[in-house]
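how would this look folded up:
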Amino acid sequence: MKIVLFALNGSFSHSNLGLRCLRPHLEFVGYDVVLVEHTLRDRRAHILERLYREHADVYGFSCYIWNLGEMLSISRTLHELLPHSRIIFGGPEVSFATERFDGMDWIDAIVCGEGEYVLTELCGKMARGETFTRVQRGHTPPRLENAGILYRDGETCGGILYYESSRGCPYSCAYCLSSATHGVRLKSVEETLADMERFESLAVDCRIIKFVDRTFNADVKRANAIWRALLEPKYTKKYHFEVCATLLNEESFNILAQFPPGKMQLEFGLQSTHVPTLAATSRHIDPQRVIDSVRRIHEKGNIHVHLDLIAGLPYETYERFGKSFDDAYGCCDLLQLGFLKLLWGTELRARAEEYGYRCLPEPPYTVLQSNWITYDEMCRLTHIAEVLERYLESGRFTHTLWYLIPLMRSPFRFWEGLCVYLQKRDSRPLQRISQPDVFRYLLEYAEQSVDGAEHARLIEMLGADFSQHEHKNPPNFLRK
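Now for the predicted structure:
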């Protein structure tokens, strides 16, 4: 039996780890397995033709919030072209509230949860012509059994390779799908390091190994042992981990301080500094301790640090979110402003009416308003996030922002004011404004708050940023 496992990734730099978790189990029982990966930017006609030409017995669709609409459309058309082929949906977006897919009779089965074993059993029933229930529930094995790195020599993977050294999360955040499962299963230190050595010899483009573990340092002793080993020169890749700041101990800080610049990225979840908000989302953390720990790592300058905030959480108004933003600003390399999504299977989705949530009816289910924040305010935060992406996350204004932000009464008010100024100054979408104009508008906005020696220093900083990143002669307004 021929099985096609299909993924639609966000961009070319991404690859799908889920398909690679399923492949070995299917191949072990003798099935011919083909991985097909495309991106959201690929032409739908090209994707459909690629799938059709496989003439597979079974097509497995890997579904996430960013691709469900496309997956439904492609699978329905594929069913019309190949009516005798079976279509199976799986992935986090279809693992909860499966009644949404009632009436979509071109979907033969839906696999919920972990699919390694249940998909293999389901395909066996299909091959033998046996009956099966449409909704299949994955079961959780006692240990994490996916051996190796799951990538193979010669595969086109886009540069970011994903790796799972643990599955599950010790926390139960009310907005996260990890809260729907319990327990954490870990690969040993020895297994994980053996896999890192395999990445070193893998014949594919590999720029970053991104650990998908929800909380890598859930076992701090194990995490420290792996980090200490990765300091060895034989491990040459860049490594990305999502960690809990409050679980770091002194040994953790000492090890992390030894990494050479560019070898390590850490991502921390703060989400809010408002205590009632943290309590309502089952995040039992001390926000100041998180900020202090993140700042301590950031100040060493050798590790690129991400810190996440989420707008739209319970009990956090627009003004209070601005306070969370100010509390966190400056303690990391990248402050990421995200927006709450009401995922099926989460506690906040179940309490949506109680909290007055209104969200997009289709994926990604982004919150539009709640009892504490209006739609107008969420729109304003969306525009601020776009400004942050163009100015802060791009890394092209490092000198200017380092100089300018401390002169302002509040980082949040600075970015809010810049957002308002840009909307009044230029009616074009921000992504369509030329880079020289982006520099010009920042200067014009800042001139409202600085003068004299500060003004000359501001132009000097802008000129330094332009010269460093734009690789062209600076415009006249930066030559004063």
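
Distance check, the nearest residue to residue 372 once chain neighbours are set aside against residue 385.
Leaving aside its sequence neighbours, residue 372 sits nearest to residue 317 (Cβ to Cβ, 6 or more residues apart in numbering; 5.0 Å). Placement of C-beta: from N, CA and C, glycine included. Counting by Cβ to Cβ, to the nearest Å, the gap from residue 317 to residue 385 is 17 Å.

Between these two, which is the more surrounded one?
The neighbour comparison of residue 317 against residue 385 (other Cβ atoms under 10 Å) goes to residue 385, with 19 against 16.

helix/strand/coil for residue 422?
helix (DSSP: H, G, I helix; E, B strand; the rest coil).

Might you report the residue contacts of it?
387, 430, 433, 441, 445 (Cβ atoms under 8 Å, 6 or more residues apart in numbering).

quick check, distance from the helix-or-strand element of the chain with minimal mean pLDDT to the centre of its chain.
Lowest on mean pLDDT, DSSP states H and E among the helices and strands of the chain sits helix 452-469, with a mean of 89. Average the C-alpha atoms of helix 452-469, do the same for its chain, and the two points are 34 Å apart (Cα atoms, centre = their mean, to the nearest Å).

Which residues does that helix contact?
395-400, 402-404, 407, 439, 442-443, 446-447, 450, 474-475, 478-480.

who's in contact with stretch 138-147?
Stretch 138-147 has contacts (Cβ under 8 Å, 6+ apart) with 21, 24, 111-118, 164, 166-167, 181, 183, 185-187, 191.

Check these for burial and list the buried ones.
Among the contacts of stretch 138-147, those buried by neighbour count (16 or more other Cβ atoms under 10 Å) are 21, 24, 111-116, 118, 164, 166-167, 181, 186-187.

Narrow these to those in strands?
111-112, 166-167, 186 (DSSP state E).

Could you dump those into TSV with pLDDT and distance to residue 104 added?
What follows is these, written out as TSV (pLDDT from 0 to 100; distance: Cβ to Cβ, whole Å):
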residue	pLDDT	distance to residue 104
111	97	15
112	96	15
166	94	34
167	92	29
186	93	37
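
Please convert these to a markdown table, extending it with distance to residue 122.
Compiled in a markdown table, those are given as follows (distance: Cβ to Cβ, whole Å):
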| residue | distance to residue 122 |
| --- | --- |
| 111 | 7 |
| 112 | 12 |
| 166 | 26 |
| 167 | 21 |
| 186 | 28 |
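
Can you spell out the domain ranges of the protein, please?
Under automatic domain parsing, the residue ranges defining each domain of the chain are 2-137, 159-373, 392-480.

In space, what's closest to residue 443 - neighbours in sequence excluded?
Per Cβ to Cβ, 6+ apart, closest to residue 443 is residue 462, 5.9 Å.

Ignore what I typed, I meant residue 289.
residue 246 (5.6 Å).

again, but for residue 37
Going by Cβ to Cβ, 6+ apart, residue 37 has residue 7 as its nearest residue, at 4.8 Å.

what about the one you found, which SS state?
Residue 7 - assigned by three-state DSSP - is strand.

For it, give me its contacts.
Neighbouring residues of residue 7 by Cβ under 8 Å, 6+ apart: 15-16, 18-19, 35-38, 62.

Now, of the residues you listed, which are buried?
Applying 16+ other Cβ under 10 Å to the contacts of residue 7 flags 15-16, 18-19, 35-38, 62 as buried.

and those, which of them are in helices?
18-19 (DSSP state H).

and the two most separated of the buried ones among the contacts of residue 7?
18 and 38 (14.8 Å; Cβ to Cβ).

Check what pLDDT residue 349 gets.
Looking at residue 349, its pLDDT is 97.

go on, the one 10 residues further on?
On pLDDT, residue 359 comes in at 97.

What residues does it make contact with?
Listed by Cβ under 8 Å, 6+ apart, the contact set of residue 359 reads 341-342, 352, 365-368.

Also residue 345?
95-97, 177, 180.

did I read that right, residue 325 in a helix?
Yes: looking at residue 325 with three-state DSSP, it is inside a helix.

Phi, psi for the closest residue to it other than its chain neighbours please.
Closest residue to residue 325 apart from its sequence neighbours, by Cβ to Cβ, 6+ apart: residue 412 at 4.3 Å. Residue 412 adopts backbone torsions of phi -60, psi -40, taken as degrees, to the nearest 10.

Would you agree residue 412 is in contact with residue 328?
No: Residue 412 is beyond contact range of residue 328, at 10.0 Å (criterion: Cβ atoms under 8 Å).

quick one: which of these two has more around it?
A count of neighbours by other Cβ under 10 Å puts residue 328 above the other of residue 412 and residue 328, at 25 against 20.

close enough to count as contact, that one and residue 308?
No: with contact defined as Cβ under 8 Å, residue 328 does not count as touching residue 308 (9.2 Å).

what is in contact with the two at once?
residue 270.

so what secondary structure elements neighbour the strand or helix carrying residue 124?
Residue 124 is part of helix 116-128 when elements are defined by DSSP states H and E. Using 3 or more Cβ pairs under 8 Å, 6 or more residues apart in numbering; DSSP states H and E as the contact test, the elements touching helix 116-128 are helix 17-28, strand 58-62, strand 86-90, strand 109-112, strand 135-137.

Out of those, flag the one nearest residue 198.
helix 17-28 (13.3 Å).

contacting residues for the residue nearest to residue 289?
285-286, 289-290, 293.

Tell me the buried residues in the helix or strand encompassing residue 299?
For residue 299, the host element (DSSP H and E) is helix 287-300. Buried residues in helix 287-300, counted by 16+ other Cβ under 10 Å: 287, 290-291, 293-295, 297-298.

Just give me the closest of those residues to residue 154.
For those, the nearest to residue 154 is residue 297 (36.9 Å; Cβ to Cβ).

still on that earlier bit, please determine how far the residue nearest to residue 289 is located from residue 294.
11 Å.

What of residue 243?
Residue 243 is 10 Å from residue 294, by Cβ to Cβ.

got it, and residue 228?
Distance, residue 228 to residue 294, using Cβ to Cβ: 21 Å.

before we move on, what about residue 323?
17 Å.

Ok, residue 64 next?
28 Å.

which residues touch residue 13?
158-160.

which ones are touching residue 187?
Residue 187 neighbours (Cβ under 8 Å, 6+ apart): 144, 165-166, 195.

Tell me how confident the model is about stretch 148-162, as a mean pLDDT.
Mean predicted confidence for stretch 148-162 is 87.
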